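**Q** coordinates only, sequence not included:
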């Protein structure tokens, strides 16, 4: 791993340790002990498994003596719904900062390719921005048992994102995706600068016009939401029928695939006119419609939505505590807080494919315990710290073990990458 990746890993483990020490002592000790044994078995750095073993010991002592110092310092206040926003913001900022640092290191690496063999290492995590290559790798793994050695981190991150979605719906989109985070920041900035709300404008017009435009907008929204699934279906069909298994094997061994990240770099740093127009459309959509890119265009989000449909953890509403049923109030704060405008207030369980598991609805709910991210029967609800641990487990700990098994780093040598960069425009596809 490169220095920026190790830095991100260290920050994640520190944040995970804090989440364990401050809120998850009962079962956190068992989880950390298992990780320590795995780290020892995989011959990871002694400092890592000794550190995990130390955290396990502290957790066990804190559980046995919860009211005695020095462990009282670690104990947190009882969980509050608004903690979700704080923990999500911290997580998103750390993930974006880590990705930005890796991007800066990669930019220096590519810049040095012009002068020969680079001295700055290539951060392998940039392979996460090669989703099509990762899907091809996945087909090669499932059909031929091939593990790609040129961009393995891309497949690892795809599997991590899928595993996360199978566990807590589209939490990858709501908590980890840097593109989604940028879209949210741009939308909020546009709202502060240009305070326009078409709903308020319609409310002041004739009622028949309001209803007509609302219906048309609803139909257009449904039609546009299918676009991302259409793009995903096109990609899957291309891989399944357009690339036979042996063609996949030849592609994964070819120079074009080895240079996939360099191709992606050139695509965005030296864009064509069509690419510029496409980016302008994407930016405009992000500014006008909250979660617009995720909702309408992102095939990766479509894949996470399909996987999230099988997640046991979903937003569930306790009608006995909800103010609508319990006190007959016309409360819809959860709906108004939801970036996807899901009507959480009228369903028992949120099954919508547009739920990003961001927990804004839970944070906005004024009735304690009325909304929770939980398993069927409203059992085993997750706290914000538990969600952070799930994210760290899939996005950091899982890649760490792949790294220990020698299945993370690219085996394309710096000298080969220099040659690929010099011949980038003339590389054969197979």
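**A** Okay, I see it. Quantities reported herein were computed from a predicted structural model and do not represent experimental measurements. Numbering: from 1, shown residues only.
**Q** list the buried ones in stretch 91-107?
**A** Across stretch 91-107, burial judged by 16 or more other CB atoms under 10 Å covers 91, 92, 95, 96, 98, 99, 101, 102, 103, 105, 106. For every residue, glycine as well, the C-beta is placed using N, CA and C.
**Q** nearest to residue 223, of those?
**A** Using CB to CB, residue 92 comes nearest to residue 223 of the buried residues of stretch 91-107, at 30.2 Å.
**Q** is it true that the closest one touches residue 175?
**A** Yes. With contacts defined as CB atoms under 8 Å, residue 92 counts as touching residue 175 at a distance of 6.4 Å.
**Q** okay, now the residue nearest to residue 149 when sequence neighbours are not counted: neighbour count?
**A** The spatial neighbour of residue 149 that comes closest, neighbours along the chain excluded (CB to CB, 6 or more residues apart in numbering), is residue 411 at 4.6 Å. Each residue near residue 411 was counted by other CB atoms under 10 Å, and the total is 11.
**Q** picking that back up, any chance of a markdown table for the buried residues of stretch 91-107, columns pLDDT?
**A** Rendered in a markdown table, the data for the buried residues of stretch 91-107 read as follows (pLDDT from 0 to 100):
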| residue | pLDDT |
| --- | --- |
| 91 | 88 |
| 92 | 90 |
| 95 | 88 |
| 96 | 89 |
| 98 | 88 |
| 99 | 89 |
| 101 | 90 |
| 102 | 90 |
| 103 | 90 |
| 105 | 92 |
| 106 | 92 |
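**Q** Distance to residue 381 and secondary structure added to those residues, as JSON lines?
**A** Formatted as JSON lines, the buried residues of stretch 91-107 follow (distance: CB to CB, whole Å; DSSP: H, G, I helix; E, B strand; the rest coil):
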{"residue": "91", "distance to residue 381": "19", "secondary structure": "helix"}
{"residue": "92", "distance to residue 381": "22", "secondary structure": "helix"}
{"residue": "95", "distance to residue 381": "24", "secondary structure": "helix"}
{"residue": "96", "distance to residue 381": "27", "secondary structure": "helix"}
{"residue": "98", "distance to residue 381": "28", "secondary structure": "helix"}
{"residue": "99", "distance to residue 381": "30", "secondary structure": "helix"}
{"residue": "101", "distance to residue 381": "34", "secondary structure": "helix"}
{"residue": "102", "distance to residue 381": "34", "secondary structure": "helix"}
{"residue": "103", "distance to residue 381": "36", "secondary structure": "helix"}
{"residue": "105", "distance to residue 381": "39", "secondary structure": "helix"}
{"residue": "106", "distance to residue 381": "39", "secondary structure": "helix"}
